[in-house]
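A.B. asks: build me a model:
(2 chains)
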Amino acid sequence: MPGKDAHKAATRLTLKSQLAELSRVWPWVDALAAEYDISGETHDAINLCLEEALSNIIRHGYRGQPDHAITIDFISLGTSLTFTIEDQAPHFAPTAHAASPMATSIEEYRPGGLGVQLMQRFAGTLHWEPLPNGNRLTIGFAVARPPGK
Amino acid sequence: MKITTEELDGGITKVVLEGRLDIEGAAAVDLKMNVLAGSKMRLLLDLQKVTFLGSMGVRTIVVPAQTIHRRGGKAVLFAPSGMVEEVLTASKIDSIIPIHHELSAALAALK
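C.D. replies: A predicted model of the protein is given here:
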C-alpha cells in the first residue's frame, strides 16, 4: 500500500543534455505547482527561467554534446521556492553577464543574449557558484500568499 | 505550437500563433515565419493564444519582422497578454515593433 506521501511530486529531476529533454521539465513543474500551490505568475516565471538556464547549459555549456547530465533540485521553504541546477560544463556565470544594450530600432536588433536578461528580470534571486567540475545555479522565487493563508 | 494565416483586406496577412513559443514551439514555426517574412509585406502577428514566450520565441517574432522591415514592409504585434506581454516589454521589443490591443489600431498601423 502506498505511503501517505506516495503522490508527492519528486523534488529532483535529472536530464540529459539535449533540448528535447526540456519537454520533461514542464510536467514536473506543473506537478510541483499543484503540490505547492504555486501561483500562475510564479509558475510562468519558473518555466521561463528554467528554459533559459537549461537551454544555455545544453547549447553553450555542453555545446550540443548530448549525453551529459543536468540535475535540478527543488526546495520549498515556505516563503521561497528554490531550484538548484548543477552541470559538469565549463564555468559560466550568468550572474556576471552584463545586460546587452537593447536595440532602439528594428534595424539594430541582433538576436542573442536575451535569455540571461530574462532570468535576471523574472527570478527573485539568481546565484551562481563554480563547482570543481561544473556549475551550480540557484534560482529563487518569492512565494506570494493571499492574506489569511 | 500552431500557426495559421489569413489574408485580410489591404494586403495584410494575419498570422495567428497558438501555444507555447518556447524552444520547441519556436523550432516548429520558424520556417513558416521566415517564408512569410520573405513573401509578405504587411504582417499582423496575433499573439492572443500564445501562452508562453521565451528568448527563442522572441527571436522567432523579431527576426521575420526585421526581414519585412528591410524589404520595405511592416509588422505589428496584436494582443499579447500576461507573461507574453511582460517578456516583450522586459526585452524592450515593444519599442521596436508596435504592440496593439485593438484590432482596428493594429490594422491602421499597417496601412
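A.B. asks: low-confidence ranges, chain A, go.
C.D. replies: Counting by pLDDT under 70, chain A shows low-confidence ranges at A:1-7, A:98-101, A:145-149.
A.B. asks: need the strands for it, in chain order.
C.D. replies: Using DSSP state E, the strands of chain A run over residues A:12-16, A:69-76, A:80-87, A:125-131, A:134-142.
A.B. asks: now chain B
C.D. replies: Under DSSP E, chain B gives strands at B:2-8, B:12-21, B:42-53, B:74-78, B:99-100.
A.B. asks: how about these, which one is nearest chain A?
C.D. replies: Within the strands of chain B, the stretch nearest chain A is strand B:42-53; the backing value is 6.4 Å (C-beta to the nearest C-beta). Where you see a C-beta, it was placed from the backbone N, CA and C, and this is true even at glycine.
A.B. asks: mind saving the C-alpha coords of that closest one as CSV?
C.D. replies: C-alpha atoms of strand B:42-53 as CSV (Å, rounded to 0.1, in the frame of the first residue of the first chain):
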residue,chain,number,x,y,z
ARG,B,42,2.2,43.6,-44.0
LEU,B,43,2.0,41.1,-41.1
LEU,B,44,-0.3,41.3,-38.2
LEU,B,45,1.1,38.8,-35.7
ASP,B,46,-1.8,37.7,-33.5
LEU,B,47,-0.4,36.6,-30.1
GLN,B,48,-3.7,36.2,-28.2
LYS,B,49,-3.3,32.5,-28.0
VAL,B,50,0.4,32.4,-27.1
THR,B,51,0.6,31.1,-23.6
PHE,B,52,4.4,31.3,-23.0
LEU,B,53,7.2,33.3,-24.6
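A.B. asks: spatially central residue for the chain, please.
C.D. replies: Let's take chain A. Ranked by distance to the mean C-alpha position of chain A (C-alpha atoms, centre = their mean), the top residue is A:Leu50 at 2.5 Å.
A.B. asks: wrong one, I was asking about chain B
C.D. replies: Residue closest to chain B centre, computed by C-alpha atoms, centre = their mean, is B:Leu45 at 3.3 Å.
A.B. asks: re the thing from before, dump the strands of chain A into JSON lines; add distance to B:Ile23 and mean neighbour count as well.
C.D. replies: As requested, the strands of chain A are exported to JSON lines (distance: least, C-beta to C-beta, whole Å; neighbours: other C-beta atoms under 10 Å in any protein chain shown):
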{"stretch": "strand A:12-16", "distance to B:Ile23": "13", "mean neighbour count": "16"}
{"stretch": "strand A:69-76", "distance to B:Ile23": "15", "mean neighbour count": "17"}
{"stretch": "strand A:80-87", "distance to B:Ile23": "16", "mean neighbour count": "19"}
{"stretch": "strand A:125-131", "distance to B:Ile23": "20", "mean neighbour count": "14"}
{"stretch": "strand A:134-142", "distance to B:Ile23": "18", "mean neighbour count": "19"}
